[in-house]
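Novice: output the structure for:
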Amino acid sequence: MARLIYLPAGRGAKKQGVDDYLASGHSVDELLSHATPELRRPPLEDEPEHPYRASEATGGLVWDKPTQNGSVPTQLTNFTARIKADVSEDDGAEVERGFEIEAMLSGRRYAFTVPARQFPGMGWVAEHLEAGALVQPGFGVKDHARAAIQTLSGEIPTRRVFAHTGWRKIDGDWLYLHAGGAIGGSTGDEGTEPRIELSGALRERGLPLAQPEDAGLREAVRASLALLEVVPGGISYPLLAAAYRAPLGESDFSIHLSARYEDLRNSLKEEHAELRRAAGAGGQHRRTPGIVADLALGLRYFLLYAHESGAMDRETARELWTGGWRALGEAAFGQSQHQAAGEPTHRFRELLAAAIASGRAHFANPEGGEPEISEAWGWRQATVGSGDFEREEWRPQGERVG
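Specialist: Modelled structure (predicted):
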């Protein structure tokens with residue numbers, strides 16, 4: 001009877017011949033032990049390409065690598081992982097997809113979400129698992145680890161969540177989304193209500209269920225009505241009505257506040273010019289009157305607001321304006337004195353006059369001799385010679401400065 005010998009794979013799952021087998025230290029008897037009358041079917045190229053499994057022995061993912069001589073176990077990771085859900089997060093502007101993953105490493109369970117665009121690179125392993133989590137080195141191992149996770153995850157459920165509030169058209173219905181769920185459409189049907197997952201301050205944007213006996217509800221309504229007293233009715237009533245119209249469904253208009261910037265700007269220009277003229281005085285820096293006018297405008301409008309809000313009567317506001325205007329004038333005068341004292345040319349003249357008066361500097365005429373009124377320019381008379389040669393001369397004091 002003819003027998004066939006099927007040699008096992010050599011080192012690194014490489015194919016080996018009889019000479020390689022014997023050269024590696026095996027005997028002829030060991031060679032003959034692989035003989036069999038069975039004709040094995042060679043591996044087909046269309047066999048499954050992802051023979052992955054989770055190994056209880058190693059606690060990681062294993063790839064049974066197919067070879068001509070059968071599959072060879074290849075360790076991919078020292079952890080296992082499954083994709084529990086494919087989640088699409090819609091923030092109203094764009095949709096961000098992420099995978100909810102559950103992993104096991106050294107007996108510890110981890111649950112986290114990885115953005116879909118980051119999943120193929122496997123960089124999330126170091127970010128979400130312990131430092132001991134390992135993807136084995138080797139060409140293509142990282143891709144097989146990713147494929148193993150996806151394959152072993154089976155049928156992955158998908159879920160869509162909304163991360164914003166406000167109106168949204170979902171499955172043909174307009175719904176109002178808030179932290180507590182959605183209002184409108186067929187959201188009352190079981191399993192049809194969209195999932196809302198808000199973060200940060202949006203978590204507080206919830207619309208509580210109305211409870212007629214709830215004292216907090218009555219307080220909230222009274223607080224809402226109090227907004228009517230904040231500004232004139234022509235502004236407050238449309239604003240309040242628009243807020244309560246919004247949950248009732250789609251509308252074809254919107255409202256907004258528009259400040260009267262042009263009227264206010266022109267009025268302020270005229271008032272500023274008037275105050276600037278009143279604040280102007282000789283000897284001031286050219287910017288001082290404008291600064292005083294700006295400060296006076298601020299004081300004037302604050303006092304007007306204080307009077308209109310009932311914080312003070314008209315007479316008190318007038319007294320404060322008079323006192324404030326006087327104080328601004330005094331501050332401007334003090335500023336002008338300070339500026340004059342520090343003005344460079346004025347200070348230079350003071351220092352030069354002091355140097356001449358103290359005999360530490362002098363001026364000369366164009367020829368270098370004493371000028372007219374020599375004593376005023378730092379020169380002093382001195383008696384020189386004696387007897388018939390005694391005379392008076394003008395002598396310079398200190399350094400020549402001009």
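
Novice: C-alpha from now on. contacts and neighbour counts both.
Specialist: Noted.

Novice: how's this structure carved up into domains?
Specialist: 4-36, 52-161, 164-204, 261-341, 346-400 (automatic domain parsing).

Novice: quick check on G172: phi, psi?
Specialist: Backbone torsions for G172, taken as degrees, to the nearest 10, come to phi 90, psi -10.

Novice: what is the burial count for it?
Specialist: Look at G172: counted by other Cα atoms under 10 Å, it has 8 neighbours.

Novice: poorly predicted segments of the stretch 201-350 of the chain, please.
Specialist: For the stretch 201-350 of the chain, applying pLDDT under 70 flags the ranges 208-214, 247, 249, 259-261, 281-285, 336-343, 346.

Novice: that older thread, just put the domains of the chain in a markdown table and tack on distance to L248.
Specialist: Formatted as a markdown table, these follow (distance: least, Cα to Cα, whole Å):
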| stretch | distance to L248 |
| --- | --- |
| domain 4-36 | 70 |
| domain 52-161 | 20 |
| domain 164-204 | 9 |
| domain 261-341 | 34 |
| domain 346-400 | 75 |
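
Novice: and those: which comes nearest V230?
Specialist: domain 261-341 (10.5 Å; Cα to Cα).

Novice: need the strands for the stretch 151-300 of the chain, in chain order.
Specialist: Assignment of strands within the stretch 151-300 of the chain using DSSP state E, counting those that start in this stretch yields the ranges 158-162, 166-170, 173-178, 181-183, 195-196.

Novice: now tabulate those strands in CSV and tack on distance to S24 and mean pLDDT.
Specialist: Compiled in CSV, these are given as follows (distance: least, Cα to Cα, whole Å; pLDDT from 0 to 100):
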stretch, distance to S24, mean pLDDT
strand 158-162, 53, 88
strand 166-170, 69, 82
strand 173-178, 71, 82
strand 181-183, 70, 79
strand 195-196, 64, 82
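
Novice: of all these, which one is nearest Y110?
Specialist: strand 158-162 (20.1 Å).

Novice: so what are the sheet partners of that closest one and their directions?
Specialist: strand 80-90 (parallel), strand 195-196 (parallel) (DSSP bridges).

Novice: just those: most buried one?
Specialist: strand 80-90 (a mean of 21; mean count of other Cα atoms under 10 Å).

Novice: so which residues make contact with that one?
Specialist: 54, 59-61, 95-105, 149-150, 152-153, 156-164 (Cα atoms under 8 Å, 6 or more residues apart in numbering).

Novice: quick one on the thing from earlier: wait, which of the strands of the stretch 151-300 of the chain is closest to A364?
Specialist: strand 166-170 (87.7 Å).

Novice: ok, back up a step: looking at the strands paired with strand 158-162, which one has the lowest mean pLDDT?
Specialist: Mean pLDDT is lowest for strand 195-196 among these, at a mean of 82.

Novice: name the residues that touch stretch 320-335?
Specialist: With Cα under 8 Å, 6+ apart, stretch 320-335 has contacts from A279, Q284, T288, P289, V292, L295, A296, L299, R300, L303.

Novice: hmm, back to that, could I have the buried ones of the contacts of strand 80-90 as ChimeraX selection syntax?
Specialist: If you want just the buried ones from these in ChimeraX, going by 16 or more other Cα atoms under 10 Å, the selection is:
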select :54,59,60,61,97,98,99,100,101,102,103,104,105,149,152,161,162,163,164
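
Novice: about what we covered before: I'd like the strands paired with strand 158-162 as a markdown table, with distance to P37 appended.
Specialist: Converted to a markdown table, those look like this (distance: least, Cα to Cα, whole Å):
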| stretch | distance to P37 |
| --- | --- |
| strand 80-90 | 41 |
| strand 195-196 | 63 |
